[in-house]
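Undergrad: Provide a 3D model corresponding to the input given below.
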Amino acid sequence: MEATLPELHPPPGQSRRTAAVLVMLFAACAIPRIIMAVRVDTICTDGAFYIQQAKVISEGSRTDASGKYDLNIYPLILSRLHDWGCNWETAGETWGVLCASLAVLPLFGWMRRQFNCRLAVIGCVLYAFHPKLIEWTPELLRESTFWLLFTTSLYFIWRA
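TA: The predicted model follows:
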């Protein structure tokens with residue numbers, strides 16, 4: 001018996017369906033997170049700490065507020081967004097909503113490759129509407145960045 005190689009290109013029309021599913025999953029993630037970002041108007045204590053670190057970075061220092069060298073990229077991202085014209089709170093909320101919404105894309109890709117499209121959609125819908133993940137998204141925390149980088153890593157590791 002001769003072994004067959006897997007198809008390199010999807011059947012016609014499947015890539016359009018997958019793109020439509022990805023757009024719908026992104027919208028399903030983004031809409032409740034944007035609504036929560038509009039409703040939340042206070043900064044948590046961790047958010048104030050990250051803003052303080054970002055201010056130090058904006059002033060030209062490579063150390064955090066305590067004077068130690070810090071490898072945390074979140075304050076660096078906040079300072080760059082602030083340099084581009086956003087205020088501190090808007091920069092943190094925008095970054096959190098964007099990262100949390102984008103995290104569904106590599107999550108879908110990883111789950112689709114590991115299981116199938118149906119389970120990937122179910123898993124992504126559970127992620128999109130998880131109440132605690134929606135609640136913490138607009139806060140000035142680095143968790144949204146973590147979830148985006150983590151799911152992207154899972155996807156690329158599975159691909160490798």
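
Undergrad: use CA for all of it now, contacts and neighbours both
TA: Fine.

Undergrad: Just want the most central residue of the chain.
TA: In the chain, the C-alpha nearest the mean C-alpha coordinate belongs to C99, at 2.4 Å (Cα atoms, centre = their mean).

Undergrad: Can you name the helix or strand that that residue falls in?
TA: Using DSSP states H and E, C99 sits in helix 88-102.

Undergrad: Which residues does that helix contact?
TA: Counting by Cα atoms under 8 Å, 6 or more residues apart in numbering, helix 88-102 makes contact with 26-27, 29-30, 33-34, 37, 43, 51, 78, 81-82, 128, 137-142, 144-145, 147-148, all of which sit outside it.

Undergrad: ok, now with 6 Å
TA: Helix 88-102 has contacts (Cα atoms under 6 Å, 6 or more residues apart in numbering) with 26, 29-30, 33, 81, 137-138, 140, 144-145, 148.

Undergrad: Need those in JSON lines (columns: neighbour count).
TA: Converted to JSON lines, the contacts of helix 88-102 look like this (neighbours: other Cα atoms under 10 Å):
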{"residue": "F26", "neighbour count": "21"}
{"residue": "C29", "neighbour count": "26"}
{"residue": "A30", "neighbour count": "21"}
{"residue": "R33", "neighbour count": "27"}
{"residue": "L81", "neighbour count": "19"}
{"residue": "T137", "neighbour count": "28"}
{"residue": "P138", "neighbour count": "29"}
{"residue": "L140", "neighbour count": "30"}
{"residue": "S144", "neighbour count": "24"}
{"residue": "T145", "neighbour count": "20"}
{"residue": "L148", "neighbour count": "21"}
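
Undergrad: any idea which of those residues is closest to L154?
TA: Nearest to L154 among these is L148, at 10.0 Å by Cα to Cα.

Undergrad: What helix or strand is that closest one located in?
TA: Using DSSP H and E, L148 falls within helix 143-159.

Undergrad: I'd like to know which elements that helix is packed against.
TA: Judged by 3 or more Cα pairs under 6 Å, 6 or more residues apart in numbering; DSSP states H and E, the packing partners of helix 143-159 are helix 88-102, helix 104-114.

Undergrad: Which of the ones you listed comes out lowest on mean pLDDT?
TA: Mean pLDDT is lowest for helix 88-102 out of these, coming in at a mean of 92.
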